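K.L.:
Sequence plus the predicted model coming up.
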Amino acid sequence: FNVTTKHTAPIDGQKPGTSGLRKKVKVFIQPNYLENFVQSTFNALTAEKVRGATLVVSGDGRYYSKDAIQIIIKMAAANGVRRIWVGQNGLLSTPAVSAVIRERAGVDGSRASGAFILTASHNPGGPHEDFGIKYNMENGGPAPEGITDKIYENTKSIKEYLIAEDLPNVDISAIGVSNFCGPEGQFDVEVFDSASDYVKLMKSIFDFESIRKLQSSPKFSFCYDALHGVAGAYAKRIFMEELGAQESSLLNCVPKEDFGGGHPDPNLTYAKELVARMGLGKSSSGQEPPEFGAAADGDADRNMVLGKRFFVTPSDSVAIIAANAVEAIPYFSAGLKGVARSMPTSAALDVVAKNLNLKFFEVPTGWKFFGNLMDAGMCSVCGEESFGTGSDHIREKDGIWAVLAWLSILAYKNKGNLDGGKLVTVEDIVRQHWATYGRHYYTRYDYENVDAGAAKELMANLVKLQSSLDEVNGIVKGIRSDVSKVVHGDEFEYKDPVDGSISKHQGIRYLFEDGSRLVFRLSGTGSEGATIRLYIEQYEKDPSKTGRDSQEALAPLVEVALKLSKMQEFTGRSAPTVIT
Ligand code: VG1
Ligand code: CO
């Protein structure tokens, strides 16, 4: 093949957000849009990370992925990349990409040093919906801000990109290696099985035999909803073939370009079918629900865990996994190096860390901040309130890992129970946890696609208010006399303990005397308008009061949050788009 230099000009708005660049498909298919971003990424990396390198290109299979993969292959060839690895049909979950970078050896023994992941995660897909791209580094984790800032700077001055226009399209549906010859020598594209490296890694972490025993017990029943995302490709292999789950227990496990028209976001609003099957919500099926249910997002890095008629908040989930990891999961048997959560995530994990005397870190939203801690050997288990849970086995959150962690805990708690005795359920485990550590009532309100100017004003007003806590407390008291006093207000700022880098403006916090918190953030993953996220949390230590309905328990704080922020005045919205 030959290398062509194409002239181009900067395109506005190519700033990567919390997790890469996400835009409507119609934006991505504009001439040069993808090309500018990919070349800007190559230009942001040091030469040896590009020339002669092995890179992974794959994603959640959403609409436009197949075209994007061919473009990136041609651009990689032209930029001197030596090898491109593609998961069969272009499918790799985000956690699997991370695993492939860290664990896989190519047919010729080569190792990958980075990846383009093609996904907009939990955002819908299809010709009228979202596409996305992000770059991961040699540790398997998302590019740090230093690199994403550089990529963005490059997009603002780009004049040309390189592409091997005459390189034939590669058949990514068939496993095998294609060899090409360019001006600088050989270039290969290796298509490999999407699941096997990931499955191997999971088998090295968990005791599959004990989970298989649980799965085969008549007392236990299971259900998994991939929401037509890429998790389906792994669910069949792991839950059915390895662990013996019934085929009927897998919902929506065929990956589709448009996620079957759904919103591939595993929460109580969008995972409707699973929620109904689990006996939650209004549309219960009438049948006895399974004991355990879980769902994933489009790229399978998120998870929602449910028990029979019972929702586990993600903030509780990571705390419970941390509390039980050493006993229940062989990978952690030597102990946890530390635990971490994102700032808006509830403090349930903090209490576990304190009780178990573990190192603890609070980082800004987005998985990239956990990676440094893990690389430095300071953190084993971490999580976010946004249905993200994971560990240092890779450098991304991991939806299927989280399910296997829960199945391991269930298997461990039921070791002696499977033949005789009553099953210890998901709900039992959570209630027991609350009794031991107290409960963090928690909810998140999302206001999606609001006017960007209005959202900025709302946030600015909240920052301004913080200059006088007396005034704030006056307002709060006027709204509800039964909530505690605000004792601190700030914008969260993080200093990375490993590299000393500082991230500012990571969310507005109001901290109350009794440990309650209100947090306001603007989303960094949307593709249109602005999304305001409001996080509300209240700690209850008294075991006799941990069993309340969470919306009811939080009602006073919710009222304070909405009125203090003047939510309706600024946004015109009388209710959030989604409550989790
Ligand atoms: C959201 C979540 C954040 C998560 C990010 C990426 O970001 O709040 O916790 O890390 O999505 O998740 P934001 O900026 O919209 O609040 V995923 O599954 O999109 O890779
Ligand atoms: Co995701």
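P.N.:
It's in. Ligands and ions are numbered 1, 2, ... in the order given.
K.L.:
check whether stretch 138-154 contacts ligand 2.
P.N.:
No: using Cβ under 5 Å from the ion, stretch 138-154 never reaches ligand 2; the gap is at least 11.3 Å. (C-beta placed from N, C-alpha, C; glycine too.)
K.L.:
how about the residues of the stretch 101-250 of the chain that lie near ligand 2?
P.N.:
Counting by Cβ under 5 Å from the ion, the stretch 101-250 of the chain sits next to ligand 2 at Ser121.
K.L.:
Relative to ligand 1, which residue of the stretch 101-250 of the chain is the closest?
P.N.:
Residue nearest to ligand 1 within the stretch 101-250 of the chain (Cβ to the nearest ligand atom): Ser121, separated by 2.9 Å.
K.L.:
How much space separates the residue lying closest to that residue once chain neighbours are set aside from ligand 2?
P.N.:
Using Cβ to Cβ, 6 or more residues apart in numbering and skipping residues adjacent in sequence, the residue nearest Ser121 is Asp299, 5.1 Å away. Taking Cβ to the ion, to the nearest Å as the measure, Asp299 and ligand 2 are separated by 4 Å.
K.L.:
mind listing what Asp299 touches?
P.N.:
59-60, 93-94, 117, 119, 121, 229-230 (Cβ atoms under 8 Å, 6 or more residues apart in numbering).
K.L.:
now the strands for the stretch 351-500 of the chain?
P.N.:
For the stretch 351-500 of the chain, the strands defined by DSSP state E, counting those that start in this stretch cover 360-363, 381-384, 388-391, 439-450, 486-491, 494-495.
K.L.:
now these as JSON lines including distance to Ala143?
P.N.:
Shown next, in JSON lines, are the strands of the stretch 351-500 of the chain (distance: least, Cβ to Cβ, whole Å):
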{"stretch": "strand 360-363", "distance to Ala143": "16"}
{"stretch": "strand 381-384", "distance to Ala143": "18"}
{"stretch": "strand 388-391", "distance to Ala143": "17"}
{"stretch": "strand 439-450", "distance to Ala143": "26"}
{"stretch": "strand 486-491", "distance to Ala143": "24"}
{"stretch": "strand 494-495", "distance to Ala143": "17"}
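K.L.:
In this structure Asn355 contacts Leu349, no?
P.N.:
No: the criterion here is Cβ atoms under 8 Å, and Asn355 misses it with Leu349 at 10.8 Å.
K.L.:
And those two? Which one has more around it.
P.N.:
Between Asn355 and Leu349, Leu349 has the larger neighbour count (other Cβ atoms under 10 Å), namely 30 against 11.
K.L.:
can I get the CA coordinates of the helix or strand containing the more buried one in PDB?
P.N.:
According to DSSP states H and E, Leu349 maps onto helix 348-356. Extracted in PDB, the C-alpha atoms of helix 348-356 (Å, rounded to 0.1, in the frame of the first residue of the first chain):
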ATOM      1  CA  ALA A 348     -20.400   3.100  52.400                       C
ATOM      2  CA  LEU A 349     -17.000   2.100  51.200                       C
ATOM      3  CA  ASP A 350     -15.300   4.500  53.600                       C
ATOM      4  CA  VAL A 351     -16.900   2.800  56.600                       C
ATOM      5  CA  VAL A 352     -15.700  -0.600  55.400                       C
ATOM      6  CA  ALA A 353     -12.200   0.800  54.800                       C
ATOM      7  CA  LYS A 354     -12.100   2.200  58.300                       C
ATOM      8  CA  ASN A 355     -13.400  -1.000  59.900                       C
ATOM      9  CA  LEU A 356     -11.000  -3.200  58.000                       C
END
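K.L.:
pLDDT averaged over that helix - what is it?
P.N.:
The average pLDDT for helix 348-356 rounds to 96.
K.L.:
Look through the protein and state the residue closest to ligand 2.
P.N.:
Residue nearest to ligand 2 within the chain (Cβ to the ion): Ser121, separated by 3.1 Å.
K.L.:
Could you report the neighbour count for that residue?
P.N.:
Ser121, neighbours per other Cβ under 10 Å, totals 26.
K.L.:
Phe187 belongs to a strand, doesn't it?
P.N.:
Yes: checked against DSSP: H, G, I helix; E, B strand; the rest coil, Phe187 lies within a strand.
K.L.:
The stretch 51-200 of the chain: helices as residue ranges?
P.N.:
65-78, 94-103, 145-155, 196-205 (DSSP state H, counting those that start in this stretch).
K.L.:
next helix or strand past the last one?
P.N.:
Next in sequence after helix 196-205, counting helices and strands by DSSP H and E, comes helix 208-216.
K.L.:
hmm, who's touching that next one?
P.N.:
202, 220, 222, 242-245, 404, 407-408, 410-412, 414-415, 418.
K.L.:
sorry, back to before: tell me who's in contact with the residue of the stretch 101-250 of the chain closest to ligand 1.
P.N.:
Taking Cβ under 8 Å, 6+ apart, one finds 19, 22, 60, 94, 132, 297-299, 301-302, 525 in contact with Ser121.
K.L.:
domain parsing for the protein?
P.N.:
Domain segmentation of the chain under automatic domain parsing yields 4-194, 198-336+400-433, 439-579.
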